[in-house]
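1. I would like the atomic coordinates for the input below:
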Amino acid sequence: MDAVGLITEYNPFHNGHLHHLRESRRESGAEVAVAVMSGHFLQRGEPALLDKWVRAEMALRAGVDVVVEIPFPFACNSAPHFARGAVQLLDAFGGAVTSLCFGSETGELGALQRCSDLLSRHETAIQPAPAPLPRQGPTFPAAPASARPGDSPRAPEHPPPRGPPRPRWGEKGRRERIQKQAGGGMWSAGGARGARAVPAGGP
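-> All right, here's what the predicted structure looks like:
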């Protein structure tokens, strides 16, 4: 049985997500759709509009077969760590997930692969320089370009304007609440009555 993996946040589930789900099934020919999804807190650190249980049920009702929570340390991290944690979860299915479908602005996988190769080849040159820059203003994605504008043909001459302030952890009580809510979980279709919770395994 082949399964297709979807890396999601579903905040909340909408018609674009439904289109993505249906197209992923069609393109991959998979019998099962597995969504890995953020929990109560999202990649940028803000709380989700709806809790993870409601969002998981929305996905199941729309046709997703299994929803797995991305652990908190990955779900609220930068894009590379978010993606790594999500892919590791899909890989933990032991080869059952044979396809990974995602949306992009261009729809051209080749261009994205060339971009990835370029970043990988220059990783050692790019990574050390931006480390202190987010504290000085530029966002994390803009830091490599602003640190080494000559390394990228599309880099702006000046650093892009500073975006909205990054979320900061609040008081100790808030951190404790976050830790209590950060437990992982797996949801699977439980028949017509909705979803049932299953303890998470794997990484």
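
2. in this protein, which ranges drop under the pLDDT threshold?
-> Low-confidence segments of the chain, defined by pLDDT under 70, span residues 126-203.

3. any idea where the helices of it begin and end?
-> Read by DSSP state H, the chain holds these helices, from start to end of the chain: 15-28, 52-62, 72-75, 79-91, 109-121, 123-126, 143-147, 172-181.

4. Present those helices as TSV; the columns should include mean neighbour count and distance to residue 102.
-> Quick note: C-beta positions are derived from backbone N, CA and C, even for glycine. Shown next, in TSV, are these (neighbours: other CB atoms under 10 Å; distance: least, CB to CB, whole Å):
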stretch	mean neighbour count	distance to residue 102
helix 15-28	15	8
helix 52-62	20	16
helix 72-75	20	16
helix 79-91	17	9
helix 109-121	11	9
helix 123-126	12	22
helix 143-147	20	22
helix 172-181	11	27
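
5. Please convert these to CSV, extending it with distance to residue 101.
-> What follows is those, written out as CSV (distance: least, CB to CB, whole Å):
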stretch, distance to residue 101
helix 15-28, 4
helix 52-62, 14
helix 72-75, 19
helix 79-91, 11
helix 109-121, 11
helix 123-126, 26
helix 143-147, 27
helix 172-181, 29
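
6. Which one of the ones you listed lies nearest to residue 7?
-> Distances from residue 7 to each of these were compared using CB to CB; the minimum, 4.3 Å, belongs to helix 79-91.

7. I am finished for the moment; much appreciated.
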